[in-house]
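> Quick one, structure for this:
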Amino acid sequence: MTPANGLAFDAVIVGARAAGASLALLLAKAGWRVALIDRASFPSDTMSTHVIYPNTIARLDAYGVLDRVMAHRPPPLYTAWHHEGRMFVAPHQPIEGRDWAICVRRITLDAILLERAREAGATVFENTQVDSLIGAGTAGDPVRGVVATTPAGPITVLGSVVIGADGVSSTVASLVGAARTKVMPTETMLYFAYWTGAKIRNTQDFFFEPPWVCAHFPADDGHHVVTMNGPVAERAGIRDLEAFYLEKIRSVPQLWARLEGATKVSRVLGTTRLDGYYRQHTGPGWALIGDAAHFKHPAGAQGIWDAFESSRVLADGLLAGDWMESYPAWRDRESREFYAFSKHLAEPPGDEGLRRTMDILIRDADLARRMVDVWSRTSRPWVDVIPHIAGMDRIAGASIDAVLAPFEMPPVDAAASA
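All right, here's what the predicted structure looks like:
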């Protein structure tokens, strides 16, 4: 098939943020002709977790963009938990010499990654909306391109494979009929705003005020991310979100003291729509990566790492020619434990469990490090942490299988058990 616009590529990637731009970079460096399409114009912000842990910092270094990110001056951050006047602070296990995290707004990170993909040879279409796919995505009619609308008019872009890297509301997933499965309802919502002029510490601080958690993340270019996380059931009763957010932040004296003289420079952003899910990852001529394929509650702060890791694995599979088997197998194998842990993270905290946990983590620096290393994926919840904190198995679940059983039950069995 000859495209009307003369645009033919080895891969067409829909979504040019962390997942799409990193995949485009990897494929372009390998010599593939890559089209990268996004409905936004960059730099552009998006709702996201912002924290990047040592494992992900190492990936930025490998992409050749870490110096550009650090030029925006995100401070190195250790992790601090606060509860009932007590706290602990812990570093991470070093990865390539770094035992700290950073917080970077997506308006900064995504633009840097996109520019690096361009430099590697990707052809970028900004402000371009994908309208339809060429091909039904079946064995007899595989996906082989997209029809999209640019500011100058419609274009047809052909590719040997089309990849949806376009987030939770993925257009590609919708067009191929990749429905959400193993849906994990959330019990908590998450809202945040950007601030400038706040007092800086080299910590990301979590203030536990059950059933709420507020947090402070010093970020890039003098910005700060200040969040509130609480029971999703309360959202319907909040009439003025801006006022409620400020009241909640003021209720935490240690946090509010950091914001004395600071300026809130954004409206309150966030959502209650944080249910976890999987989607079918691949089909004839198409694949999904990042949040388009699999989503976990943002309390786990895994979105950017998942974007990078899924793009790496899919890139390896595309180059080897076994992507339709190797990529889904990797996802199913590697995602289960953190998906199970995300159920715990998506539940409102309680004072009793936090007291026990803080008692132990304050006394045991090694265990405290292993706890924070869950987020950088160098320790495993049900191996390195949960068995060592009395009662935590009752809160987080006795095992991965036990937590996930209700979500992995075949639909016919789930209906029969209702």
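
> Please list all residues in contact with residue 108.
By Cβ atoms under 8 Å, 6 or more residues apart in numbering, residue 108 lies in contact with 43, 69, 72, 220-221. Using the backbone N, CA and C atoms, a C-beta is placed for each residue, glycine as well.

> For residue 197, what are phi and psi?
Dihedral pair for residue 197: phi 80, psi 10, per degrees, to the nearest 10.

> What count of nearby residues applies to it?
Residue 197 has 15 neighbours, counted by other Cβ atoms under 10 Å.

> That one and residue 241, how far apart?
22 Å (Cβ to Cβ, to the nearest Å).

> Also residue 371?
32 Å.

> quick one: which of those two has more around it?
Shown here are residue 371 and residue 241; by other Cβ under 10 Å, residue 371 has more neighbours (24 against 14).

> List the contacts of the host helix or strand of the more buried one.
Here residue 371 sits within helix 365-373, counting by DSSP states H and E. Helix 365-373 is contacted from outside by 79, 88, 90-93, 360-362, 379, 384-385, 388-389, using Cβ under 8 Å, 6+ apart.

> Report the mean confidence score over that helix.
Mean per-residue pLDDT for helix 365-373: 98.

> Repeat that for stretch 385-393.
Rounded mean pLDDT across stretch 385-393 is 95.

> Could you give the bridge partners of residue 132?
With DSSP bridges applied, residue 132 shows beta-bridge pairing to residue 147.

> Help me confirm that it comes into contact with residue 175.
Yes. Counting by Cβ atoms under 8 Å, residue 132 touches residue 175, with 6.7 Å between them.

> Looking only at neighbour counts, state which of those two leads.
residue 175 (20 against 12).

> Can you name the residues that contact that one?
130, 132-133, 137.

> Most widely separated two among those?
130 and 137 (13.8 Å; Cβ to Cβ).

> Between these two, which is the more surrounded one?
Neighbour totals were compared for residue 130 and residue 137, and residue 130 leads with 23 against 20 (other Cβ under 10 Å).

> For the more buried one, give me its contacts.
By Cβ under 8 Å, 6+ apart, the neighbours of residue 130 are 14, 37, 39, 146-148, 166, 171-172, 175.

> what's the closest of these to residue 332?
Using Cβ to Cβ, those come closest to residue 332 at residue 172, 20.0 Å.

> Identify the residue spatially nearest to the closest one, adjacent ones excluded.
residue 164 (2.7 Å; Cβ to Cβ, 6 or more residues apart in numbering).

> swap in residue 305?
Using Cβ to Cβ, 6+ apart, the nearest residue to residue 305 is residue 56, at 4.7 Å.

> Show the contacting residues for that neighbour.
Per Cβ under 8 Å, 6+ apart, neighbours of residue 56: 304-305, 308, 376.

> How about the backbone phi and psi for it?
phi -80, psi -30.

> Okay, it and residue 69: tell me how far apart.
From residue 56 to residue 69 the distance is 11 Å (Cβ to Cβ).

> try residue 273
Residue 273 is 29 Å from residue 69, by Cβ to Cβ.

> Tell me which of these two has more neighbours.
Higher neighbour count among residue 273 and residue 69: residue 69, with 21 against 10, using other Cβ under 10 Å.

> Emit the PyMOL select command for whichever of the contacts of residue 130 are buried.
Per 16 or more other Cβ atoms under 10 Å, the buried members of the contacts of residue 130 correspond to this PyMOL selection:
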select buried, resi 14+37+39+146+148+166+171+172+175
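
> In JSON lines: the contacts of residue 130, plus pLDDT.
Output for these, formatted as JSON lines (pLDDT from 0 to 100):
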{"residue": "14", "pLDDT": "98"}
{"residue": "37", "pLDDT": "98"}
{"residue": "39", "pLDDT": "97"}
{"residue": "146", "pLDDT": "97"}
{"residue": "147", "pLDDT": "96"}
{"residue": "148", "pLDDT": "97"}
{"residue": "166", "pLDDT": "97"}
{"residue": "171", "pLDDT": "98"}
{"residue": "172", "pLDDT": "98"}
{"residue": "175", "pLDDT": "97"}
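
> Among the contacts of residue 130, name the ones in helices.
171-172, 175 (DSSP state H).

> so residue 157 is in which element?
Assigned by DSSP H and E, residue 157 falls in strand 153-164.

> Remind me what that strand packs against, helices and strands.
Where contact means 3 or more Cβ pairs under 8 Å, 6 or more residues apart in numbering; DSSP states H and E, strand 153-164 is packed against strand 7-14, strand 34-37, strand 145-150, helix 171-176, strand 286-288.

> lowest-pLDDT helix or strand in this structure?
None of the helices or strands of the chain scores lower by mean pLDDT, DSSP states H and E than helix 411-417, at a mean of 50.

> Just to check, residue 211 is in contact with residue 350?
Yes. Residue 211 is in contact with residue 350 according to Cβ under 8 Å; the separation is 7.4 Å.

> which of those two has more neighbours?
Using other Cβ under 10 Å as the criterion, residue 211 and residue 350 rank with residue 211 on top: 17 against 12.

> Brilliant, that's me finished.
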